[in-house]
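S.K.: any chance you can model this:
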Amino acid sequence: MSGPLAGVRVLDLTGVVSGPFATMFLADQGADVLKVEPIGGDITRRSRANVDKTGEFSALFISSNRGKRSLSIDMKTDAGRDVLGKLVLEADVLVQNFRPGTMERLGLGPDEVRSKNPRLIYVSISGVGEDGPYAKKRVYDPIVQGLSGFCDIQAQPVTNRPQMIRTIVADKTTAVYAAQAITAALYAREKSGRGQHIQVAMLDAMIAYLWPEGMMQYTVVGREQTTSDPNDRPDLVFQTSDGYLTCGTISDSEWQGFCRATGDPELASDARFATPASRSVNATARINRMQDYIGRHSTAEWLARLDAADVPCAPILRRGEIIANEQVVARGLIAELEQPGVGTVRQPKPAARFDVDAAAIGGPAPRIGQHSREVLRDLGYGDAAIEQMIAERAVRAV
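M.R.: Just a heads-up that it's a prediction; the model follows:
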């Protein structure tokens, strides 16, 4: 497969989303990602609604595991551990997101593995880190949203009741951090010849992600909460006469453009909104005033007015409208491919575009153990040994 990571061998021991999503980015960029699954498969194969008759695929699994190969083994068996031991010797990257201590109990901890393969980049993804009082907790995305401040930043303005973000933002953001760290480690290895152990915790990733604007009140030591909470204001969702849009008026030119778009000469002279600082201090009044104007006309009319005034704006699309949106279509952001046993599926194309080593969707998500025989043969196992492992349920193969 082509791509900037062509030739890189990734051993993917992860499940759920944070790990599989990270390694899927690597697969899109050309890496050979071997997904090592338990005999029953990754639990996300059965997450929410299945989309095939066999029960092997969910939409979530397809969208986190496309372009990979699958080896299905029982890592608790001697045969399974023997297979993993051989795979580790050939891998460039190993990624795992078991609870802390699990890999060590299997004899596959970072020190032991890297003593056999010093060039290996060993990646441990965890919920809240591998030490500290919460290290042994079972952690999913909502736990990290609660600990990191995301629920607070989404709090209802009137009641101050914390709210979850309705997508697994912690899992997916951690995946991006992990994928970036892996490529940085691959670059470092080109210079030093050595691998390293990378630890990426969901909690660490989300606090780092939230910080720039979400923690502005707590950035200067000794001056915490000396200004109003920048998030304690209505959001920038404006209801028009027939739908919703969003627009931003951060700079003076953008605010003046909005004032022109309203057709009201009085608005531009309102001292509460005359400067960026005053617009921030009086944000609630400003946003409510904008809503007064925006509610009088249709979405299309307001978008035309705002575009003419060079004010950042966009319609707020329902999920069912995204695929046909003119910008999405013009950029070709959504691809279609055949998922065996399921049919035609949609997938977003890789977001990072390389002008030389193009990233691309490497194919559909694999069935459980689809490549088990192929992988074992490459490791030197004979057909009789492979069939024996399958019979003993140490390995599953299609």
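S.K.: where along the stretch 101-250 of the chain do the helices fall?
M.R.: Assigned by DSSP state H, counting those that start in this stretch, the helices in the stretch 101-250 of the chain fall at 102-105, 110-116, 141-148, 150-153, 169-192, 202-214.
S.K.: let me have the ones you listed in CSV, extended by mean pLDDT, distance to residue 241 and mean neighbour count.
M.R.: C-beta: built from backbone N, CA, C; applies to glycine. Shown next, in CSV, are the helices of the stretch 101-250 of the chain (pLDDT from 0 to 100; distance: least, C-beta to C-beta, whole Å; neighbours: other C-beta atoms under 10 Å):
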stretch, mean pLDDT, distance to residue 241, mean neighbour count
helix 102-105, 92, 56, 14
helix 110-116, 96, 59, 15
helix 141-148, 97, 35, 20
helix 150-153, 93, 30, 19
helix 169-192, 98, 32, 18
helix 202-214, 96, 31, 18
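S.K.: could the ones you listed be laid out in JSON lines, adding distance to residue 376?
M.R.: Formatted as JSON lines, the helices of the stretch 101-250 of the chain follow (distance: least, C-beta to C-beta, whole Å):
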{"stretch": "helix 102-105", "distance to residue 376": "22"}
{"stretch": "helix 110-116", "distance to residue 376": "19"}
{"stretch": "helix 141-148", "distance to residue 376": "35"}
{"stretch": "helix 150-153", "distance to residue 376": "43"}
{"stretch": "helix 169-192", "distance to residue 376": "26"}
{"stretch": "helix 202-214", "distance to residue 376": "33"}
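S.K.: OK, contacts around the residue positioned nearest the centre of the chain?
M.R.: Residue closest to the average C-alpha location in the chain (C-alpha atoms, centre = their mean): residue 172, at 2.2 Å. Contacts of residue 172 were listed using C-beta atoms under 8 Å, 6 or more residues apart in numbering, and they are 17, 18, 21.
S.K.: what do you get for residue 307?
M.R.: Going by C-beta under 8 Å, 6+ apart, residue 307 touches residue 313.
S.K.: what's the pLDDT at it?
M.R.: pLDDT, residue 307: 98.
S.K.: so it: helix, strand or coil?
M.R.: Of the three states, residue 307 takes helix according to DSSP: H, G, I helix; E, B strand; the rest coil.
S.K.: that one and residue 315, how far apart?
M.R.: Distance, residue 307 to residue 315, using C-beta to C-beta, to the nearest Å: 11 Å.
S.K.: residue 91 too?
M.R.: 46 Å.
S.K.: okay, the two: which has more neighbours?
M.R.: residue 91 (24 against 16; other C-beta atoms under 10 Å).
S.K.: same question for the nearest residue to that one once chain neighbours are set aside, what's its three-state structure.
M.R.: Closest residue in space to residue 91, ignoring its immediate chain neighbours: residue 11 at 4.2 Å, by C-beta to C-beta, 6 or more residues apart in numbering. Using three-state DSSP as the criterion, the local structure at residue 11 reads strand.
S.K.: burial count for residue 11?
M.R.: Neighbour tally, residue 11, other C-beta under 10 Å: 26.
S.K.: any idea what it is bridged to?
M.R.: residue 34, residue 94 (DSSP bridges).
S.K.: I'd assumed residue 87 was in contact with it.
M.R.: Yes. The criterion here is C-beta atoms under 8 Å, and residue 11 meets it with residue 87 at 5.5 Å.
S.K.: mind listing the shared neighbours of those two?
M.R.: Common neighbours of residue 11 and residue 87 are listed as 34, 36 (criterion: C-beta under 8 Å, 6+ apart).
S.K.: who's in contact with residue 124?
M.R.: Applying C-beta under 8 Å, 6+ apart, the residues near residue 124 are 96, 97, 100, 103, 110, 130, 197, 198, 199, 200.
S.K.: among those residues, who's most crowded?
M.R.: residue 97 (26 neighbours).
S.K.: for that residue, give its distance to residue 140.
M.R.: Separation of residue 97 from residue 140 (C-beta to C-beta): 12 Å.
S.K.: for these two, list the residues in contact with both.
M.R.: residue 16.
S.K.: and the end-to-end length of stretch 126-145?
M.R.: Taking C-alpha to C-alpha, to the nearest Å, stretch 126-145 runs 14 Å from one end to the other.
S.K.: got the buried residues for that stretch?
M.R.: By neighbour count on 16 or more other C-beta atoms under 10 Å, the buried set for stretch 126-145 is 126, 127, 128, 129, 135, 139, 140, 141, 143, 144, 145.
S.K.: alright, that wraps it up for me.
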